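Chemist: Quick one, fold the following:
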Amino acid sequence: MKKENLEKEWKRYNQKLALLFENPEFKKDIHRIRKEYGLPPDGMPTDKQSEKFEYWLCEEQDKFYKNEFPKYRNELEQLRKSDDYLGYKNRLSEVNNYAPLNRLFKVHVVNLIKKYNLSPSLKNTLNSYIRHGNRCMKIGLGVIIQDTRDEYTGQGQIKIVIQEDTTLEELLKTIMTKTPSDIVSNKIFTGIKSADCKELTSNTI
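Modeler: So this is what the prediction gives:
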C-alpha cells in the first residue's frame, strides 16, 4: 500500500477509534476489565510498570495450569473417551479461557469486538489499549492476509481480514501487490505502533 493511501486510511481509522474510546459504555467495559487485572484506570503509564504487569500475568498463567487445570483433567478425559469430540473441544476451550492471560485476550477482547461490532483485526489494538491506554497502542491497518490451517483437516487456507469500511479498490490493490512468499511468511501487516506516533512500520502478524 502506498504511503499516501496508508496515511489516508490511518486518519480514517484513528477517527473510528476516537469515537469508540469516547463511548461511555465502552469506557465502563474497559474500566471493569482493568480493575479485574489490577491495572490503573488509564492503563500502565510506564514501560517499567508494563513489564512488571506482564511478568505477573505470565506467573498467574503458569499457576493456573499448575494448580487449577489438573482439577478438570478427569472431566476432560471422560469427554475425550466418549467420542464427543465437539463437547471435548468446547469444554477444553472453556477451561483454557479460565487462565488469566487467555481470559484477557480470548474472552474480554473478543467480547468487546462482538458487543461493539468491530473488525477482528482490532484484537491486538484492544489488547494493547487495555494494558497501556493510548501510551503504546498497536494499530492494525489495511487488509490482512494470512496463511492458516483448517482446524479439522489441517489443509492450508488463505484468510483475508478487512475493516468494515475497506473498499473493493483497497482490497484488490493489497491482493495484487502481495506474492505467495509474502503470505506464507505473514509479512503482509502494515500498521502504526502507537496512537501518538506517525511512523509507518512493517510488522509481522
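Chemist: What is the burial count for Lys81?
Modeler: Lys81 is surrounded by 9 other residues when neighbours are defined as other Cβ atoms under 10 Å. Just so you know, the C-beta spots here come from the backbone N, C-alpha and C atoms, and that holds for glycine as well.
Chemist: now do Trp56
Modeler: Trp56 is surrounded by 13 other residues when neighbours are defined as other Cβ under 10 Å.
Chemist: just use 36 as the starting number from now, easier for me
Modeler: Done: numbering now begins at 36, and the last item shifts to Trp91.
Chemist: mind listing what's buried in the host helix or strand of it?
Modeler: Following DSSP states H and E, one finds Trp91 within helix 82-98. The neighbour-count criterion (16 or more other Cβ atoms under 10 Å) identifies Ser85, Phe88, Leu92, Gln96 as the buried residues of helix 82-98.
Chemist: residues contacting the third one?
Modeler: Spelled out, that is Leu92. For Leu92, the set of contacting residues under the criterion of Cβ atoms under 8 Å, 6 or more residues apart in numbering consists of Tyr72, Pro135, Leu136, Leu139.
Chemist: Could the C-alpha coordinates of the helix holding Trp91 be exported in CSV?
Modeler: What follows is helix 82-98, C-alpha atoms only, in CSV (Å, rounded to 0.1, in the frame of the first residue of the first chain):
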residue,chain,number,x,y,z
ASP,A,82,7.4,0.7,30.4
LYS,A,83,8.7,-0.5,33.8
GLN,A,84,5.2,-0.9,35.2
SER,A,85,4.1,-2.7,31.9
GLU,A,86,7.0,-5.1,32.2
LYS,A,87,6.1,-5.8,35.9
PHE,A,88,2.4,-6.5,34.9
GLU,A,89,3.4,-8.8,32.0
TYR,A,90,5.6,-10.8,34.4
TRP,A,91,2.8,-11.1,36.9
LEU,A,92,0.3,-12.1,34.2
CYS,A,93,2.6,-14.9,33.0
GLU,A,94,3.2,-16.1,36.6
GLU,A,95,-0.6,-16.2,37.1
GLN,A,96,-1.0,-18.1,33.9
ASP,A,97,1.6,-20.7,35.0
LYS,A,98,-0.1,-21.0,38.4
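Chemist: so after that helix, what's the next helix or strand?
Modeler: Remark: after helix 82-98, the chain's next helix or strand is helix 108-116, criterion DSSP H and E.
Chemist: any idea of the angle the helix or strand just after that following helix forms with helix 108-116?
Modeler: Taking DSSP H and E as the definition, the helix or strand that follows helix 108-116 towards the C-terminus is helix 120-131. Between the axis of helix 120-131 and that of helix 108-116 there is an angle of 160 degrees, by axes from the mean of the first three to the mean of the last three Cα atoms, to 10 degrees.
Chemist: Identify each buried residue in helix 120-131, please.
Modeler: For helix 120-131, a neighbour-count test (16+ other Cβ under 10 Å) marks Tyr123, Arg126, Val130 as buried.
Chemist: average pLDDT across stretch 189-207?
Modeler: The predicted model assigns stretch 189-207 a mean pLDDT of 69.
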